[in-house]
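>>> model this:
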Amino acid sequence: MIVCTGKGHEEAMQRTVIASVWHESEWFVAQCLERVVASQDATEAAELANLREALEL
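Just a heads-up that it's a prediction; the model follows:
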């Protein structure tokens with residue numbers, strides 16, 4: 001699960017979302033199951049940070 005903080009007028013709001021994470025070739029891939037958002041990176045920590053940032057936009 002990932003906790004995200006909204007930007008702008010929603011800054012005080014936080015939401016928890018569920019993401020599926022898997023290792024594919026040399027990449028870690030994460031897909032948010034509640035929104036149409038996915039990301040990838042070379043490490044799981046970096047990939048989750050990318051997903052969190054994408055969800056906060």
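
>>> quick one: low-confidence parts of this structure?
The model of the chain has pLDDT under 70 over residues 1-13.

>>> Helices of that one, residue ranges please.
Here the chain has its helices, by DSSP state H, at 44-56.

>>> is the closest residue to residue 54 other than its chain neighbours in a bridge, and if so with what?
Spatial nearest neighbour of residue 54, excluding adjacent residues (CB to CB, 6 or more residues apart in numbering): residue 37 at 5.1 Å. C-beta: built from backbone N, CA, C; applies to glycine. Here residue 37 sits in beta bridges with residue 32, going by DSSP bridges.

>>> Now do the contacts for residue 37.
Residues near residue 37 by CB atoms under 8 Å, 6 or more residues apart in numbering: 31, 51, 54, 55.

>>> Make JSON lines out of those residues and add neighbour count.
Formatted as JSON lines, those follow (neighbours: other CB atoms under 10 Å):
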{"residue": "31", "neighbour count": "16"}
{"residue": "51", "neighbour count": "24"}
{"residue": "54", "neighbour count": "15"}
{"residue": "55", "neighbour count": "20"}
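
>>> For residue 15, state which of the residues you listed is nearest.
Taking CB to CB as the measure, residue 55 is the one of these closest to residue 15, at 8.4 Å.

>>> quick one: the closest one and residue 34 touch, right?
No - with contact defined as CB atoms under 8 Å, residue 55 does not reach residue 34; the gap is 9.4 Å.
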